[in-house]
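Trainee: Give me a model of this one.
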Amino acid sequence: MHTMWLLLTTSMLYGCSPVDAKSETEDLSDEDADETPDTDSGSPPDVTDQCVTPTASDHLYPPYPEPPDECIEDFWDCPFEDDYALENPNTVCNITEGFDSDGAIQEQFWEAYNYSRDYFGAYGPVYVYFMGPTSEESNEDIWHLRAERRAVVDACYPVERQVDDFFDNPYGSEELDAANSGNGGYFSISGNSGCNPLMDLMMINPRLDEVRTITMHEYHHIFQVAHLRTHDRDSDYGLNSWIMEGQATYSAARFGDETGWGYNFVDIMMGMKGYGGNVSPEGIDAFLEANDGFDLADESYWDRGDFSAAAVYYQLGAWAWAYLVHELDGEVDIALKDFIHDVPSMGREASFHLHFDRTMDEFFVEFATFTEGSDEEWRAILE
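Mentor: Reported below is the predicted structural model:
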């Protein structure tokens with residue numbers, strides 16, 4: 001069985017910030033709204049800034065196409081073309097019927113999405129799916145359309161079976177069940193095969209008070225995925241989890257504070273250290289006390305079944321990027337954009353050495369020593 005699914009990142013908020021939430025009506029100044037997005041494509045993206053409820057008539061199939069004579073056997077490992085995410089930097093949004101009926105969540109989403117796209121650049125195609133418990137029938141239509149869009153038509157494995165497998169995938173079933181029940185918030189970016197490159201942005205049961213910072217986190221992943229050349233996070237042309245989640249957690253905290261959409265940056269970062277903050281019910285301190293060190297490059301924390309992945313990839317990962325930005329005298333663009341931009345052409349290790357003037361292994365030792373310091377020493381790199 002070929003199950004075509006790649007869950008690149010999922011953000012689930014467990015805790016709350018120690019400070020008061022910002023007003024839901026507080027908006028970013030639009031003085032830069034007319035600036036050209038930072039994209040290499042040279043063509044403006046097609047974004048309608050509205051979400052549409054699909055119906056069965058919008059489905060791409062049936063009839064389902066048969067595999068072509070010269071079909072692709074290993075369709076999931078199709079190579080990614082250079083700048084593939086710049087060829088069609090468009091965004092399409094679908095929403096469950098009746099969900100966010102007053103449009104308040106969508107308004108804040110597009111505000112943060114446009115802000116992030118202006119900073120990181122326009123990439124695509126991106127399919128945004130807002131889903132909630134207002135209509136199971138509508139959710140079924142959205143899920144079916146999503147599966148059809150992701151299918152590789154030229155694969156030897158029939159499109160109809162690809163769509164069926166998408167419904168049977170346990171990750172997908174969990175998200176669809178959450179949308180139908182209204183329980184839990186799921187926010188993720190999923191990539192796809194290089195034979196049909198696209199990105200899905202899932203926004204399942206988002207709350208108004210969190211949607212803008214979550215959107216900034218997830219758009220950072222869009223930028224990262226646009227510069228992947230493999231799904232293998234251990235490959236030199238892929239991105240480790242500490243890079244993916246650490247960068248996105250750091251940038252959402254930093255830019256959330258700068259825009260006024262989130263909480264105080266220092267409070268969020270110190271919260272992740274002390275008690276978990278809005279990432280996990282346990283903080284870095286508890287993880288370090290219970291474990292004999294950590295390895296940022298170790299992808300096995302996902303398999304532990306506890307909060308280790310949150311502690312290492314999100315929390316320690318965010319602090320790793322805070323440390324690197326501090327070492328660059330605050331040159332955040334180098335850390336968040338230039339490093340990622342050069343990975344496809346030279347590889348992760350070479351790009352890291354170029355931009356941070358140290359090997360990644362040297363940094364791991366350096367950062368591990370930093371984590372042994374006092375709270376005052378941790379806080380000092382943020383200010």
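Trainee: Next, the residue lying closest to residue 317 once chain neighbours are set aside: secondary structure please.
Mentor: Once flanking residues are discounted, residue 317 sits nearest to residue 246: 2.2 Å by C-beta to C-beta, 6 or more residues apart in numbering. Placement of C-beta: from N, CA and C, glycine included. Secondary structure for residue 246, judged by DSSP: H, G, I helix; E, B strand; the rest coil, is helix.
Trainee: ok, residue 246 - how many residues close by?
Mentor: 24 (other C-beta atoms under 10 Å).
Trainee: again, but for residue 183
Mentor: Residues near residue 183, counting by other C-beta under 10 Å: 10.
Trainee: same question, residue 300
Mentor: By other C-beta under 10 Å, neighbour count at residue 300 equals 10.
Trainee: The one 5 residues further on now?
Mentor: One way to gauge burial is a neighbour count; for residue 305, by other C-beta under 10 Å, it gives 7.
Trainee: Could you do residue 357 as well?
Mentor: Residue 357 has 11 nearby residues by other C-beta under 10 Å.
Trainee: how does this protein divide into domains?
Mentor: 7-225, 241-380 (automatic domain parsing).
Trainee: So for residue 233, which of these sits nearest?
Mentor: domain 241-380 (5.7 Å; C-beta to C-beta).
Trainee: ok so, going back, okay, the domains of the chain in CSV with distance to residue 234 next?
Mentor: Output for the domains of the chain, formatted as CSV (distance: least, C-beta to C-beta, whole Å):
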stretch, distance to residue 234
domain 7-225, 14
domain 241-380, 7
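Trainee: Which one of those has the poorest average confidence?
Mentor: Out of the domains of the chain, domain 7-225 stands lowest, with a mean of 84 (criterion: mean pLDDT).
Trainee: Run the chain-centre distance for that domain.
Mentor: Distance of domain 7-225 from its chain centroid, counting by C-alpha atoms, centre = their mean, to the nearest Å, is 10 Å.
Trainee: before we move on, back to that, to residue 231, which of the domains of the chain lies closest?
Mentor: domain 7-225 (6.8 Å).
Trainee: how far away is residue 49 from residue 310?
Mentor: Distance of residue 49 to residue 310, given as C-beta to C-beta, to the nearest Å: 32 Å.
Trainee: Test my guess that the residue nearest to residue 317 contacts residue 313.
Mentor: Yes. Counting by C-beta atoms under 8 Å, residue 313 is a contact partner of residue 246 at 6.4 Å.
Trainee: tell me the contacts of residue 334?
Mentor: 328, 355 (C-beta atoms under 8 Å, 6 or more residues apart in numbering).
Trainee: Same question for the one 10 residues further on.
Mentor: Contacts of residue 344 were listed using C-beta under 8 Å, 6+ apart, and they are 82, 227, 228, 229, 237.
Trainee: Distance check, it against residue 359.
Mentor: In terms of C-beta to C-beta, residue 344 sits 20 Å off from residue 359.
Trainee: now swap in residue 260 and tell me
Mentor: With C-beta to C-beta as the criterion, residue 260 and residue 359 are 38 Å apart.
Trainee: now swap in residue 372 and tell me
Mentor: 21 Å.
Trainee: Between the two, which is the more surrounded one?
Mentor: Neighbour tally, residue 372 and residue 359, criterion other C-beta under 10 Å: the higher count belongs to residue 359, 13 against 8.
Trainee: That one - nearest residue in space that isn't next to it in sequence?
Mentor: Per C-beta to C-beta, 6+ apart, closest to residue 359 is residue 353, 5.6 Å.
Trainee: you'd agree that neighbour is up against residue 347?
Mentor: No. Between residue 353 and residue 347 there is no contact under C-beta under 8 Å: 9.9 Å.
Trainee: Can you report phi and psi for the nearest residue to residue 192 once chain neighbours are set aside?
Mentor: The shortest distance from residue 192 to any residue other than its chain neighbours is 5.0 Å, reached at residue 198 (C-beta to C-beta, 6+ apart). When read as degrees, to the nearest 10, the backbone of residue 198 gives phi -160, psi 170.
Trainee: gap between residue 198 and residue 174?
Mentor: Distance, residue 198 to residue 174, using C-beta to C-beta: 21 Å.
Trainee: who's more crowded, those two?
Mentor: The residue with more neighbours, out of residue 198 and residue 174, is residue 198; 19 against 14, by other C-beta under 10 Å.
Trainee: Shouldn't residue 188 be within a strand?
Mentor: Yes. Counting by three-state DSSP, residue 188 is located in a strand.
Trainee: okay, now it: neighbour count?
Mentor: Residue 188 has 20 nearby residues by other C-beta under 10 Å.
Trainee: Verify the contact between it and residue 222 for me.
Mentor: No. With contact defined as C-beta under 8 Å, residue 188 does not count as touching residue 222 (11.4 Å).
Trainee: Now the common contact residues for the two.
Mentor: With C-beta under 8 Å, 6+ apart as the test, residue 188 and residue 222 both reach residue 201.
Trainee: Can you show me the strands along the stretch 151-300 of the chain?
Mentor: 186-190, 199-204 (DSSP state E, counting those that start in this stretch).
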